[in-house]
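Asker: no sequence for this one, just the structure:
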């Protein structure tokens, strides 16, 4: 039996890093079906994705053009939901707010790396490219981990 039914990437505003991560993961091959989403911790109203992040993805044939930011709600979190945050502070905030929930990790932590996925907001295109490259590296490792778990079940 698979370990997770849903994976939610979480960032602050759900307009750049977490939707990029969602889009990258959806482009990968997973052995088992997994609902993949992204949410933000501070979302007052739906916003479109950051145009620079969209441009970086479009260079690779990907798009998050129809994405609208959404706030992480308790109803999003189930027993078989894996939450991967971009930063340690986001992980700690979720664990504080939803004390009963345990499946919360930083993306880096879950895939065996250290550090945060730095928010490129306001930076030059090179900073967005670096963010994409880091997400791509971590998500490639995430796919291996998720697929290995499926093979072991």
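Answerer: Nice, thanks for sending it over. Just so it is clear, the structure is predicted and the values come from calculations on it, not from any experiment.

Asker: list the buried ones in the lowest-mean-pLDDT helix or strand in the chain?
Answerer: Across the helices and strands of the chain, mean pLDDT, DSSP states H and E gives its lowest value to helix 125-152, namely a mean of 94. Residues of helix 125-152 classed as buried: 128-132, 134-136, 138-139, 141-143, 146, 150 (neighbour count, 16 or more other Cβ atoms under 10 Å). C-beta coordinates here come from the backbone N, C-alpha and C atoms, glycine included.

Asker: Give me the helices and strands touching it, please.
Answerer: Applying 3 or more Cβ pairs under 8 Å, 6 or more residues apart in numbering; DSSP states H and E, one finds that helix 125-152 contacts helix 17-26, helix 51-58, helix 107-110.

Asker: out of these, which comes closest to residue 35?
Answerer: Nearest of those to residue 35, taken as Cβ to Cβ: helix 17-26 at 10.4 Å.

Asker: pLDDT weak spots in the protein?
Answerer: Low-confidence segments of the chain, defined by pLDDT under 70: 1, 153.

Asker: so how far is residue 15 from residue 69?
Answerer: 5 Å (Cβ to Cβ, to the nearest Å).

Asker: any idea how far residue 127 is from residue 3?
Answerer: Taking Cβ to Cβ as the measure, residue 127 falls 34 Å from residue 3.

Asker: can you check residue 35 too?
Answerer: 13 Å.

Asker: go on, residue 105?
Answerer: 13 Å.

Asker: Now the residue nearest the centre of the chain: phi and psi?
Answerer: The chain has residue 9 as the residue nearest its centroid, 2.6 Å off, counting by Cα atoms, centre = their mean. The phi and psi torsions at residue 9 (degrees, to the nearest 10) take the values phi -90, psi 130.

Asker: my guess is it meets residue 86, correct?
Answerer: Yes - the criterion here is Cβ atoms under 8 Å, and residue 9 meets it with residue 86 at 7.4 Å.

Asker: Can you pull the residues that touch both of these two?
Answerer: Here residue 9 and residue 86 have 17, 18, 21, 107 as joint contacts, going by Cβ atoms under 8 Å, 6 or more residues apart in numbering.
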